[in-house]
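> Got a predicted structure here, sequence first:
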Amino acid sequence: MSNVTIRAEHLSKMYMISVTKGAPDSSLSECVNEGAKKLFTLRSSLSTKRLVKEELWPVKDVSFEIRAGEVVGIIGRNGAGKSTLLKVLSRITEPTSGRAEIFGRVGTLLEVGTGFHPELTGRENIYLSGIILGMKKTEIDQKFDEIVEFAGIAKFIDTPVKRYSSGMYVRLAFAVGAHLEPEILIVDEVLAVGDSQFQKKCLDKMKDIGAHGRTVLFVSHNMQAVMRLCDRVIMLDKGRVLHDGPAHEVVKTYLNAGFGASPAREWTDPSSAPGGEVARLRAARVKAEDGRVAEVLDIRRPFTIEMEYEVLTPGYVLAPHFHLVDEEGTLIFITQDLDPEWRRRARPAGHYLSRVEIPGNLLTEGTVFVGCHCITLAPDLVQFAASEAIAFQIVDNHDGDSSRGDYVGTMPGAVRPLLTWRTQLVGSVASESFKVG
């Protein structure tokens, strides 16, 4: 038992949240169809609502032990409780009940913006972080050059970190956490903001940390990274531990359950397949330009998303559509089937395949979850709604021919289209009115 570094015993965290109770909302379609009168009715109904307090348990009765040298992945869909659990283990927030015991110094890399003083320079924050970990200045001196080299920010080391891009911040934060030798390193999905080469460096470094007898706790939606790095994985769902075991077994369970970044999924049992009386989903896939099912896609190349479904009851007009959502849960866009052959046409019973091509240089880097949906029109009835049915990852190889061009920093945004710019020199001398002094 002496080599246990993290012990959680019936750990729970509860927040009180405000929710609206009262009369049911009027739908937008009602307001549109019945005119302005409904808008006033809606406003009136809202005024009768009241705020009440409800309990939210992002972590509920979680127990496990982690030993020195273990590299453990924590996975789960958005809202499963992963980040809250890390905050409790990092002592950023107190548990509501249960107990967390930490044996050793802890280095944490959670949200961008935590861990550093924004007014201090990179150099000053390195030394501050070391002092907080209980290190002597001479010990930090010995690690300083290695930290700066790993982060790749030598030119900006004496710049206040509030002026850093999120990518620069993360590179320095990870370098500090990994090189100042805490006994326990806790890393959240924040590494997703880094470029692919730096992510590889981080994974290699975390593997090395575990090999030297220290503990790594790693949260990610990237199942490839989890499989490569971790020997053990804990899967959370609705705040509870659903599975805890060998990485390959737990990740397989996660993907088969439709929680993770699996590029293809089939429903072989009609009784468990999403669907209604009119239509039922059979399969969904993401395919690269060459037609193969692919989890990782080049940002520059087009790809195809497809769904197979059965029309069980003939005579209905259907609207199959995909929802694309990023790893933060933000809806990127919705695309629906407007094939003129079937638009506004009642469909006979049968087995259908619908596909859409997504152009290259449209989405940004990161994990994209695909929801498969279908409704009937007139009447509007949902037939199936499989959120996060499949997923894939968009990567940018930094060859200069994507929309990032020669820029190597972080590019936020849900989409990253490659647009045509035209610039011309319209005068050989700067206007006098724009000269200063």
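Nice, thanks for sending it over. Residues are numbered from 1 along each chain as shown.
> And stretch 54-65, what's buried?
W57, P58, V59, K60, V62, F64 (16 or more other CB atoms under 10 Å). C-beta here means a position set from N, CA and C on the backbone, and glycine is covered the same way.
> now do stretch 290-299
A294, E295, L297, D298, I299.
> Tell me the secondary structure at the nearest residue to H10 once chain neighbours are set aside.
Among residues not flanking H10 along the chain, G98 sits closest, at 4.0 Å (CB to CB, 6 or more residues apart in numbering). Per DSSP: H, G, I helix; E, B strand; the rest coil, the local secondary structure of G98 is strand.
> what sits against G98?
A8, E9, H10, L11, S12, D61, V62, S63 (CB atoms under 8 Å, 6 or more residues apart in numbering).
> next one: the strand or helix carrying V52 to chain centre, how far?
Assigned by DSSP states H and E, V52 falls within strand 50-67. Relative to its chain's centre, strand 50-67 lies at 20 Å (CA atoms, centre = their mean, to the nearest Å).
> tell me what the helix or strand just after that strand is packed against?
Counting by DSSP H and E, the next helix or strand C-terminal to strand 50-67 is strand 71-75. With contacts defined as 3 or more CB pairs under 8 Å, 6 or more residues apart in numbering; DSSP states H and E, the packing partners of strand 71-75 are helix 82-89, helix 196-211, strand 215-219, helix 223-229, strand 232-237, helix 247-256.
> If we use 7 Å, what do you get?
Contacting strand 71-75 under the criterion 3 or more CB pairs under 7 Å, 6 or more residues apart in numbering; DSSP states H and E are the following elements: helix 196-211, strand 215-219, helix 223-229, strand 232-237.
> For I186, which of these is the nearest?
Closest approach to I186 among the helices and strands packed on strand 71-75 is made by strand 215-219 (4.6 Å; CB to CB).
> Tell me the strands beside that closest one, with direction?
Counting by DSSP bridges, the strands paired with strand 215-219 are strand 71-75 (parallel), strand 184-187 (parallel).
> Parallel or antiparallel, which strands does the host helix or strand of I390 pair with?
Using DSSP H and E, I390 sits in strand 381-395. Sheet pairing of strand 381-395 (DSSP bridges) gives strand 296-298 (parallel), strand 366-377 (antiparallel).
> tell me the mean pLDDT over the first one?
Just to be clear, that refers to strand 296-298. For strand 296-298, the mean pLDDT works out to 86.
> Could you do the longest one as well?
For strand 366-377, mean pLDDT rounds to 91.
> give the contact list for the residue nearest to D396 when sequence neighbours are not counted.
Nearest residue to D396 in three dimensions, chain neighbours excluded: I299, at 4.5 Å (CB to CB, 6+ apart). Taking CB atoms under 7 Å, 6 or more residues apart in numbering, we find I299 in contact with G360, N361, L363, E365, I394, V395, D396, S402.
> Now, of the residues you listed, which are buried?
Looks like those have G360, N361, L363, E365, I394, D396, S402 buried, using 16+ other CB under 10 Å.
> what about L281, distance to S354?
Applying CB to CB, to the nearest Å, the value for L281 to S354 is 11 Å.
> what residues are shared contacts of these two?
M307.
> neighbour-wise, which of the two wins?
L281 (24 against 19; other CB atoms under 10 Å).
> The more buried one in helix, strand or coil?
On the three-state scheme (three-state DSSP), L281 is labelled strand.
> That one reaches P270, doesn't it?
No. In this structure, L281 is not within contact of P270 by CB atoms under 7 Å, at 10.1 Å.
> Can you find the helix or strand in this protein with the smallest mean pLDDT?
When each helix and strand of the chain is scored by mean pLDDT, DSSP states H and E, helix 28-34 comes last, with a mean of 41.
> Now find how far off-centre the helix or strand hosting F322 is within its chain.
Element membership of F322, judged by DSSP H and E, is strand 317-326. Offset of strand 317-326 from its chain centre (CA atoms, centre = their mean): 20 Å.
> How about stretch 317-331?
15 Å.
> if we can go back for a sec, quick one: closest of the helices and strands packed on strand 71-75 to L418.
Closest to L418 of those, according to CB to CB: helix 196-211, at 18.5 Å.
> what's in contact with that closest one?
Residues outside helix 196-211 that contact it (CB under 7 Å, 6+ apart) are 69-71, 171, 174, 178, 185, 187, 191, 216, 218, 225, 228-229, 395.
> Give me the buried positions along whatever helix or strand I332 lives in.
Using DSSP H and E, I332 falls within strand 331-336. Neighbour-count burial for strand 331-336, counted by 16+ other CB under 10 Å, picks out I332, Q336.
> so what strands line up beside that strand?
Partner strands for strand 331-336, per DSSP bridges, with pairing direction: strand 317-326 (antiparallel).
> who touches the partner strand?
Residues from elsewhere that reach strand 317-326 (CB under 7 Å, 6+ apart): 279, 305, 307, 309, 331-337, 344-347, 354, 356, 366, 368-378, 414.
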